[in-house]
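Enquirer: Give me a model of this one.
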Amino acid sequence: MINALPNLSDADALSRYLGNTIRTLRQKHGLTIADVAERIPLSRGMLSKIENAQASTSLDTLEKIANALGVSLATLFRDYNVPEGGAQLVKATAAMEVVRRGTKRGHTYKLLAYDRGQTKLFEPFLIEMDDASEVFPTFEHPGTEFIYMLEGKVEYRHGQHTYLLEPGDSLTFRGDIPHGPEGLIKLPIRFLAIIYYAHSD
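Expert: Below is the predicted model:
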């Protein structure tokens, strides 16, 4: 049974989605409209209208179309109304280089993601050091910091304790206690530093 499309935005969106899905599957299997219409059977004109969202159809007919395409009825609806992801891609060439208090040449911070909401939840940095003569300041900030060593060897101070970090090592600590690199043992040094703000205002 074929019906004219109702004047509803949701129905229009569903018809467009189904039409695009049917066309994509048909082309993926190297089938023409005539090939699929003959298997159902259904007129080529009507199948074309369904693909172009100019007509809606019953579930019975959709199931026949799905069978003709070699897929289940559920497959036709699998990706309908799926929420959009919130992924953020930052290419290597687009990472934002930031300057932190006391940092100089030979010590770079690259911000790897940017919070887009009203509340800053976390900040991930790629930190690179290649100048052993530089004197580094200590830092203090809200939240918890996590460090993961990628390359080199560094002595890292947190409060009254110093930790030797090598590739594969990780260190987690409170950010409100003074911390920072104490000694650069093996250059170049690269590590990830992620600051998590649990209750940021």
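
Enquirer: For stretch 140-154, give me every contacting residue.
Expert: Applying C-beta atoms under 8 Å, 6 or more residues apart in numbering, the contact partners of stretch 140-154 are 129, 156, 164-179, 181-198, 200. Every residue, glycine included, has its C-beta placed from N, CA and C.

Enquirer: how about 6 Å then?
Expert: Stretch 140-154 has contacts (C-beta atoms under 6 Å, 6 or more residues apart in numbering) with 165-167, 169-173, 175-176, 178, 181, 184-197.

Enquirer: Just the element for L192, please.
Expert: Using DSSP states H and E, L192 sits within strand 179-196.

Enquirer: Please identify the buried residues of that strand?
Expert: 179, 181-182, 184, 187, 189-191, 193-196 (16 or more other C-beta atoms under 10 Å).

Enquirer: Can you add distance to D79 and give the residues you listed back as a markdown table?
Expert: Listed next are the buried residues of strand 179-196 as a markdown table, based on distance: C-beta to C-beta, whole Å:
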| residue | distance to D79 |
| --- | --- |
| H179 | 46 |
| P181 | 48 |
| E182 | 52 |
| L184 | 50 |
| L187 | 49 |
| I189 | 44 |
| R190 | 39 |
| F191 | 39 |
| A193 | 37 |
| I194 | 32 |
| I195 | 36 |
| Y196 | 33 |
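
Enquirer: and the gap between K49 and A87?
Expert: Distance, K49 to A87, using C-beta to C-beta, to the nearest Å: 36 Å.

Enquirer: With K110 instead?
Expert: Distance, K110 to A87, by C-beta to C-beta: 19 Å.

Enquirer: what's the answer for G175, then?
Expert: Per C-beta to C-beta, G175 is found 26 Å from A87.

Enquirer: same question, L69
Expert: Taken as C-beta to C-beta, the span from L69 to A87 is 30 Å.

Enquirer: more neighbours, the two?
Expert: Using other C-beta atoms under 10 Å as the criterion, L69 and A87 rank with L69 on top: 21 against 5.

Enquirer: how about the more buried one, phi and psi?
Expert: Phi and psi for L69, reported as degrees, to the nearest 10, are phi -90, psi -10.

Enquirer: which non-adjacent residue is nearest it?
Expert: Distance criterion C-beta to C-beta, 6 or more residues apart in numbering; nearest residue to L69, sequence neighbours excluded, is L25 at 4.7 Å.

Enquirer: Neighbours of the residue nearest to L59 when sequence neighbours are not counted, how many?
Expert: Counting by C-beta to C-beta, 6+ apart, L59 lies nearest to L73, which is 7.2 Å off, once chain neighbours are set aside. Other residues lying near L73 total 14 when counted by other C-beta under 10 Å.

Enquirer: How much space separates L73 from Y80?
Expert: Plainly put, L73 is 12 Å away from Y80 if you go by C-beta to C-beta.

Enquirer: what's the strand holding L192 in contact with?
Expert: Residues from elsewhere that reach strand 179-196 (C-beta under 6 Å, 6+ apart): 122-125, 127-130, 132, 136, 138-139, 143-158, 162.

Enquirer: try it again with 7 Å
Expert: Residues from elsewhere that reach strand 179-196, judged by C-beta atoms under 7 Å, 6 or more residues apart in numbering: 122-130, 132, 136-139, 141, 143-158, 162, 173, 175.
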